[in-house]
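J.: Show me the folded form of this:
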Amino acid sequence: MKNTKDLFEVLCEKAGCEYMSDMKFKLHREEVCKAASGLKKEDFKLEQWTELVSYYLGEPVVFSTYDDVEAFFQDK
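T.: Purely as a prediction, here's the structure:
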């Protein structure tokens, strides 16, 4: 079942970021990755994961499968 909450909002809250833009700072990167790893990837659309990681890295990323998303966060 897809989550009705925005992925950015969920991760911002779980990572303890005051603002969504805080997720990009090195200070919060570990917390963001840890929070993302703990989420069920299928609860959010692939497009949301693509948008989030592209924003997070500052460069375009495209995920074709939820396994790709999972692998990204396992490597972090």
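J.: okay, CA-based contacts and neighbour counts for the rest of this
T.: Noted.
J.: ok, which stretches of the chain are helices?
T.: Secondary structure of the chain by DSSP state H: the helices cover 7-15, 26-37, 46-57, 66-74.
J.: residue ranges with poor pLDDT in this protein?
T.: Where the chain drops to pLDDT under 70, the residues are 1-4, 76.
J.: coming back round to it: can you put the helices of the chain in JSON lines and add mean neighbour count?
T.: Below are those laid out as JSON lines (neighbours: other Cα atoms under 10 Å):
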{"stretch": "helix 7-15", "mean neighbour count": "18"}
{"stretch": "helix 26-37", "mean neighbour count": "17"}
{"stretch": "helix 46-57", "mean neighbour count": "16"}
{"stretch": "helix 66-74", "mean neighbour count": "14"}
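J.: residues making contact with stretch 18-32?
T.: Residues external to stretch 18-32 that are found in contact with it (Cα atoms under 8 Å, 6 or more residues apart in numbering): 8-9, 11-12, 14-17, 55-57.
J.: what about it, distance to the chain center?
T.: Here stretch 18-32 is found 11 Å from its chain centre; the criterion is Cα atoms, centre = their mean, to the nearest Å.
J.: Kindly report the same for stretch 45-56.
T.: On Cα atoms, centre = their mean, the centre of stretch 45-56 falls 7 Å from the chain's centre.
J.: Send me that stretch as PDB with only the CA atoms.
T.: Presented in PDB, the C-alpha positions along stretch 45-56 are these (Å, rounded to 0.1, in the frame of the first residue of the first chain):
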ATOM      1  CA  LYS A  45       6.400   5.600  -5.600                       C
ATOM      2  CA  LEU A  46       9.600   5.000  -7.500                       C
ATOM      3  CA  GLU A  47       9.300   8.600  -8.800                       C
ATOM      4  CA  GLN A  48       9.400   9.900  -5.200                       C
ATOM      5  CA  TRP A  49      12.600   7.900  -4.500                       C
ATOM      6  CA  THR A  50      14.100   9.200  -7.700                       C
ATOM      7  CA  GLU A  51      13.200  12.800  -6.800                       C
ATOM      8  CA  LEU A  52      14.500  12.400  -3.300                       C
ATOM      9  CA  VAL A  53      17.800  10.900  -4.200                       C
ATOM     10  CA  SER A  54      18.400  13.300  -7.100                       C
ATOM     11  CA  TYR A  55      17.800  16.200  -4.700                       C
ATOM     12  CA  TYR A  56      19.900  14.600  -2.000                       C
END
